[in-house]
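Colleague: show me how the following folds:
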Amino acid sequence: MKKLIIFSMAVILMMASWGITFAENSDAEQTTNSESAEQQILTQESTSCEDTNSDTSRFEAPFTCGNTTGGEKLYHYGFIKGSGDSSTKIITKIIMEDKVLTRAQLAIIITQLTGTYEEASAFAGEPEYLDAAAIPNWAKNYIAYVQQKKWMIGGNDIFNSNGGVTQKQLLAVILRALGYEDIAWTDIMQKADSLDLVILSDESEAKDAYLTRGVAFEIIWKAVTTPIASDGGILGVKTGHLE
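Modeller: Numbering: from 1, shown residues only. Presented below is the predicted three-dimensional model:
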C-alpha cells in the first residue's frame, strides 16, 4: 500500500513538473512570437518609409513612421519655436496645428525659416501700414522687417495682422523669401507648382480658404527643402537647420 501511495505521488509530481515545463515553453514561445511580430511590424514600417525617389527623404525627422506632419518636422529641426508648455511633449499642442494661421504669425515664421529671426527681432523700423496701430507689439518688429524685405506686402496699405492666409498668399510670401521676385500675382500658382509647393489643387474646395497652421506647415516644410533662386542651394541647408 505504501509503495502504491509513493508511486502515485511520484506520478503526480512528474506530471506537475511537465505542466510547469509546458507552461514555460508556451510562455517562451508566445514571447518569441510577440517579439517576432513586433520586429515584423517595425520592418514593415521601416520599409514603408523608404522613399528613394524623394529629394527630401534624407530630411525626414525621426518620428513614428507615417505620422510625421510638416509642423513636427519644422519643430524638430528648429525652424519654428511653437508656444505653450513643451514639457507635455505633445508637439501638436505646442505648434497648434489645428488653429488658423494669421498674417502676424506668418511674419514671424518666415523670419524663422530664412534664418533672419534675430535680425528681425532687433529691427528698428516701424510697420508702414494704415492699420499699424492695430498691429500687436510682439509682431511689430517682424512685420516691419518683412515689409522692408518686400516678402509681405499687404493690400491697399492695410496689413490686417489678425487676418487669415490662403494658400496662394502663403506661396507668394514663400516665393519672395526664396528669391523668386517679380512674379506676377496671376503667375504665383504656376511658379509654385513648378517647385512642387502646391498641396491644394484647383479642384480643392479649400484652395481659397484660410489655412490652418497644420496645412500651412506642410507647404512650408516643402519650402525649406526647395532650391533658392540665387544659387540653387536648399533653404534649410543654407540656414544651418538641415545638413
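Colleague: what are the phi and psi angles of Asn137?
Modeller: In terms of degrees, to the nearest 10, the main-chain angles of Asn137 are phi -60, psi -40.
Colleague: and what of the one 4 residues further on?
Modeller: Comment: the main-chain dihedrals of Asn141 come out as phi -60, psi -40, following degrees, to the nearest 10.
Colleague: so what's it up against?
Modeller: With contacts defined as CB atoms under 8 Å, 6 or more residues apart in numbering, Asn141 is in contact with 120-123. In this view, the C-beta of every residue, glycine as well, is placed from N, C-alpha and C.
Colleague: then Leu197?
Modeller: Remark: with contacts taken as CB under 8 Å, 6+ apart, Leu197 is in contact with 171, 174-175, 219, 222-223, 226.
Colleague: out of those residues, who's the most crowded?
Modeller: For the contacts of Leu197, neighbours were counted by other CB atoms under 10 Å; the highest total belongs to Ile174, with 27 neighbours.
Colleague: show the model's pLDDT score for that one.
Modeller: The pLDDT attached to Ile174 in the predicted structure is 97.
Colleague: surely it meets Val224?
Modeller: No - counting by CB atoms under 8 Å, no contact exists between Ile174 and Val224, whose distance comes to 9.5 Å.
Colleague: narrow the contacts of Leu197 to those in strands?
Modeller: Secondary structure of the contacts of Leu197 is defined by DSSP state E; no position falls in strands.
Colleague: now render those as CSV, adding distance to Glu203.
Modeller: Formatted as CSV, the entries for the contacts of Leu197 read as follows, by distance: CB to CB, whole Å:
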residue, distance to Glu203
Leu171, 17
Ile174, 22
Leu175, 22
Ile219, 17
Lys222, 19
Ala223, 23
Thr226, 23
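Colleague: ok, back up a step: out of the contacts of Asn141, who's nearest His241?
Modeller: Out of the contacts of Asn141, the one with the shortest distance to His241 is Ala120. That distance is 16.5 Å, counting by CB to CB.
Colleague: rewinding a little: inside helices: which ones of the contacts of Leu197?
Modeller: Counted as lying in helices by DSSP state H, out of these, are 171, 174-175, 219, 222-223.
Colleague: report the buried members of the contacts of Asn141.
Modeller: Members of these that pass the buried threshold by neighbour count (16 or more other CB atoms under 10 Å) are listed as 120, 123.
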